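J.: Requesting a structural model of the entry that follows:
(2 chains)
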Amino acid sequence: EPEVTQTPSHQVTQMGQEVILRCVPISNHLYFYWYRQILGQKVEFLVSFYNNEISEKSEIFDDQFSVERPDGSNFTLKIRSTKLEDSAMYFCASRRDRGDYGYTFGSGTRLTVV
Amino acid sequence: GENVEQHPSTLSVQEGDSAVIKCTYSDSASNYFPWYKQELGKRPQLIIDIRSNVGEKKDQRIAVTLNKTAKHFSLHITETQPEDSAVYFCAAWGAGGTSYGKLTFGQGTILTVHP
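T.: Sure, this is the predicted structure:
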């Protein structure tokens, strides 16, 4: 079964540093998402991406965050200057087309900001 | 935007008992409601879902009911087993405009099934 692949599985970074979280969505999927989950809390929407542009972003997704699909296969989330409160599990997800309700979630990247 | 409330936050049952988790949503345009099971440190796994044109759906020991008028939906697990212990999340699918396809999650329910 096709999978959404995320790397790295765990990243530790110093506060103020830039991080890039990488995702490889399923190849024929058109809709891409980033969600995050702070430890012990619910899964929260960050951003949706379709046709090479952001469709919607949440209040969490401020100027420190950006997404990119640089080469048609990777989908990246960049945090420019990490804060302690950015520590969370970040899940990438993809969906095939508009009529497809099924999300495929990646296995997540645990980001720890120290 | 959509708001999803989930109750209870924790649920403890004996093996073989039933478990019920309830969610309410605010956006009447939402038309798809998945339930996810999440084990510690893992990704959410879809266990069952329901679309707004259906009132109930069952898959072996798991069922989901939807009341569109009241804007609430529930997960029912019968004959619970210790391996059902996990965190369960409900979610609602954004159906309007740029929110189309966005999932709004409930706060989660920690289900513990005691042998």
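
J.: Can you pull the residues of chain B lying near chain A?
T.: B:32, B:34, B:36, B:41-44, B:46, B:49, B:51, B:89, B:91, B:93, B:98-108 (C-beta under 8 Å from any C-beta of the partner chain). For glycine as for every other residue, the C-beta is placed from the backbone atoms N, C-alpha and C.

J.: what's near enough to touch B:H76?
T.: Listed by C-beta atoms under 8 Å, 6 or more residues apart in numbering or on different chains, the contact partners of B:H76 are B:18-20, B:62-65.

J.: Kindly indicate which of these lies nearest chain A.
T.: B:V64 (13.8 Å; C-beta to the nearest C-beta).

J.: where's that closest one relative to A:S27, distance?
T.: Applying C-beta to C-beta, to the nearest Å, the value for B:V64 to A:S27 is 31 Å.

J.: hmm, back to that, out of the contacts of B:H76, which sit inside strands?
T.: Among the contacts of B:H76, DSSP state E puts B:19-20, B:62-65 in strands.

J.: As a markdown table, the residues you listed with distance to B:T10 would be great.
T.: Below are these laid out as a markdown table (distance: C-beta to C-beta, whole Å):
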| residue | distance to B:T10 |
| --- | --- |
| B:A19 | 11 |
| B:V20 | 13 |
| B:I62 | 19 |
| B:A63 | 21 |
| B:V64 | 20 |
| B:T65 | 22 |
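
J.: Filter those residues down to the buried ones and hand me the ChimeraX line.
T.: Buried residues within those, by 16 or more other C-beta atoms under 10 Å in any protein chain shown, are selected in ChimeraX with:
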select /B:19,20,62,63,64,65
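
J.: Can you lay out the contacts of B:H76 as JSON lines showing pLDDT?
T.: Output for those, formatted as JSON lines (pLDDT from 0 to 100):
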{"residue": "B:S18", "pLDDT": "98"}
{"residue": "B:A19", "pLDDT": "98"}
{"residue": "B:V20", "pLDDT": "98"}
{"residue": "B:I62", "pLDDT": "98"}
{"residue": "B:A63", "pLDDT": "98"}
{"residue": "B:V64", "pLDDT": "98"}
{"residue": "B:T65", "pLDDT": "97"}
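
J.: Need these in CSV (columns: distance to A:T104).
T.: Below are these laid out as CSV (distance: C-beta to C-beta, whole Å):
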residue, distance to A:T104
B:S18, 30
B:A19, 27
B:V20, 28
B:I62, 20
B:A63, 24
B:V64, 20
B:T65, 26
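
J.: And the strands in chain B?
T.: With DSSP E as the criterion, chain B has strands spanning B:4-7, B:10-14, B:19-25, B:32-38, B:45-51, B:56-59, B:62-67, B:72-77, B:86-93, B:103-105, B:109-114.

J.: List the buried residues for the fifth one?
T.: Within strand B:45-51, the residues that qualify as buried are B:47-50, counting by 16+ other C-beta under 10 Å.
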